[in-house]
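Novice: Take a look and give me a structure for this.
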Amino acid sequence: MKASYAIAGTVLLGTATLITAVPSQATSGPSISKEAFGKLADGTRVDRYTLRNAHGMRVRILTYGGIIQTLNVPDRKGRDANVALGFATLKDYVDKNGGPYFGALIGRYANRIAKGRFTLDGKTYQLPINNGPNSLHGGLKGFNTKVWKAAVVKGKGTVGLRLTYVSKNGEEGYPGTLTTTVTYTLGTSNQLRLDYRARTDKATIVNLTNHSYFNLAGEGTGDAYGHRLQINAARFTPTDKTQIPTGKLAPVKGTPFDFTRPHAIGERIRDNDPQLLIGQGYDHNFVLNQHRPGEMVLAATVTEPRSGRVLRLSTTQPGVQLYTGNFLDGTLVGTSGHAYRQGDALALETQHFPDSPNHPNFPSTVLRPGQTFTSTTVYAFSTTR
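Specialist: Predicted coordinates:
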């Protein structure tokens, strides 16, 4: 499995100041630059890195939480827009991102664990409860609250940012010291690649993802219900009323969860379906159609008809969580100065299944000493005519 950690924080300061620029091997190729983004209350510095290429793609990543703050890509007419939800300041991320997790790296365990409890090698571990009766996204101070150690990585025609975090044994109740790296890579094509890697000194559980929200019409432009979505999954994992999987791998056929052919996200979101009522929309794990574990597959395709922007999501992970921003309520203001409301974006979180440690029939999330967790996710952007 893969993961990354760093040090925690509490509060911050404001504006970014350009510090360095690291060009790629060719002047016309991708480049990466670094600027100060603020400081936490304890004085820890947070930096922002900008990766860009010659085809209009620009990604800003914070060392705080490994957060994708903005992601700019052109539409069919070449017009640039930020398509990722986020905040303008570090203070907002520290004070307000504990609920939406905009753009953040999630760990040690993405998604939910029932009652925050699991048993490994005969020992039961108790995690913090932070989502109803359950533990969500790594607990009270998950990877999204850590400042990651950053290093610039340059390849042939690519630039990248490698983030590393070391999570100590017992942090948030998890066993083992876990060393995680996540590398963001941008090349000449408009693809952002995320490579996750993790190792432990004691048996533990690991489930890592990035929690970016996308609106391909542009951040702050309104709801994403008109986006057309296709998911490469014939099954999904239904949940109980607390959003913990029942253990069943249910067929999507004949349900509002059938995205095997493209459908507008809002087309069936208000159907009287018990699962949609539980999550107030889509907030479910889809079981990807893989021929073998760890195979890279096209997980989902999202098309925004007006702009022509297309996102193709590929991954080696066995599942993807579709979340349609159901709990955005207008109280959060994004980078453009617009308030975010229900349905204003969708998240596609590549992952192992929720609550896997408590479901022996799910793919295992156990990582042992001597093993390495690895996974890859690619966000590929293009346009239709």
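
Novice: per-residue confidence for residue 385?
Specialist: Residue 385 carries a pLDDT score of 87 in this model.

Novice: check contacts around the nearest residue to it once chain neighbours are set aside.
Specialist: Excluding its sequence neighbours, the residue lying closest to residue 385 (CB to CB, 6 or more residues apart in numbering) is residue 76, at 6.6 Å. Heads up, the C-betas are built off the backbone N, CA and C, glycines and all. By CB atoms under 8 Å, 6 or more residues apart in numbering, the contact list for residue 76 reads 307-309, 383-385.

Novice: Could I get those in TSV, plus columns for secondary structure, distance to residue 53 and neighbour count?
Specialist: As requested, those are arranged in TSV below (DSSP: H, G, I helix; E, B strand; the rest coil; distance: CB to CB, whole Å; neighbours: other CB atoms under 10 Å):
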residue	secondary structure	distance to residue 53	neighbour count
307	coil	19	22
308	coil	19	16
309	strand	16	25
383	strand	15	18
384	coil	20	12
385	coil	22	4
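
Novice: And what about the residue nearest to residue 385, helix, strand or coil?
Specialist: coil (DSSP: H, G, I helix; E, B strand; the rest coil).

Novice: Distance of it relative to residue 307?
Specialist: According to CB to CB, to the nearest Å, residue 76 and residue 307 sit 7 Å apart.

Novice: Overlap in contacts, those two.
Specialist: Between them, residue 76 and residue 307 share the contacting residues residue 383, judged by CB under 8 Å, 6+ apart.

Novice: in the stretch 151-300 of the chain, which spans are strands?
Specialist: 158-167, 178-186, 191-200, 204-205, 209-210, 213-214, 228-231, 233-237, 250-251, 263-264, 283-288, 297-303 (DSSP state E, counting those that start in this stretch).

Novice: Alpha carbons only: can I get the second one in CSV?
Specialist: It refers to strand 178-186. The C-alpha coordinates for strand 178-186 follow below in CSV (Å, rounded to 0.1, in the frame of the first residue of the first chain):
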residue,chain,number,x,y,z
LEU,A,178,4.2,4.3,8.8
THR,A,179,6.3,6.2,6.2
THR,A,180,4.3,7.4,3.3
THR,A,181,5.3,9.2,0.1
VAL,A,182,3.0,10.7,-2.5
THR,A,183,4.4,12.0,-5.7
TYR,A,184,2.5,14.4,-8.0
THR,A,185,3.9,14.4,-11.5
LEU,A,186,3.0,16.6,-14.5
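
Novice: Quick check: can you name the pairing partners of that strand and their directions?
Specialist: strand 158-167 (antiparallel), strand 191-200 (antiparallel) (DSSP bridges).

Novice: Columns mean neighbour count and distance to residue 360 on top of those, output as a markdown table?
Specialist: What follows is the strands paired with strand 178-186, written out as a markdown table (neighbours: other CB atoms under 10 Å; distance: least, CB to CB, whole Å):
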| stretch | mean neighbour count | distance to residue 360 |
| --- | --- | --- |
| strand 158-167 | 22 | 25 |
| strand 191-200 | 22 | 21 |
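
Novice: Kindly reformat these as JSON lines and extend each row with distance to residue 37 and mean pLDDT.
Specialist: Putting the strands paired with strand 178-186 into JSON lines (distance: least, CB to CB, whole Å; pLDDT from 0 to 100) gives the following:
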{"stretch": "strand 158-167", "distance to residue 37": "14", "mean pLDDT": "98"}
{"stretch": "strand 191-200", "distance to residue 37": "19", "mean pLDDT": "98"}
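
Novice: I'd like those laid out as CSV, including distance to residue 124.
Specialist: Formatted as CSV, these follow (distance: least, CB to CB, whole Å):
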stretch, distance to residue 124
strand 158-167, 20
strand 191-200, 18
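
Novice: So which of those is nearest residue 215?
Specialist: Closest to residue 215 of the strands paired with strand 178-186 is strand 191-200 (CB to CB; 16.3 Å).

Novice: got a list of contacts for the closest one?
Specialist: Taking CB under 8 Å, 6+ apart as the rule, strand 191-200 contacts 1-4, 51, 57, 59, 71, 176-187, 206, 208, 210, 367-369, 371-381.

Novice: Run the chain-centre distance for that strand.
Specialist: 12 Å (CA atoms, centre = their mean, to the nearest Å).

Novice: And for stretch 183-192?
Specialist: 16 Å.

Novice: got it, and stretch 239-251?
Specialist: 21 Å.

Novice: Would you mind pulling the contact partners of it?
Specialist: By CB under 8 Å, 6+ apart, stretch 239-251 touches 112, 114, 131-134, 234-238, 275, 278-279, 283-285, 287, 353-355, 359, 361-362.

Novice: same thing but 7 Å
Specialist: 112, 114, 132-134, 234-238, 275, 278-279, 283-284, 287, 353-355, 359, 361 (CB atoms under 7 Å, 6 or more residues apart in numbering).

Novice: For ChimeraX, what selects the buried ones among these?
Specialist: Selecting the buried subset of these in ChimeraX, with 16 or more other CB atoms under 10 Å as the burial test, is done by:
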select :112,114,134,234,235,236,237,238,275,278,279,283,284,287,353,354,355,359
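
Novice: What distance do you get for residue 193 to residue 47?
Specialist: For residue 193 relative to residue 47 (CB to CB), the value is 21 Å.

Novice: How about residue 361?
Specialist: From residue 361 to residue 47 the distance is 43 Å (CB to CB).
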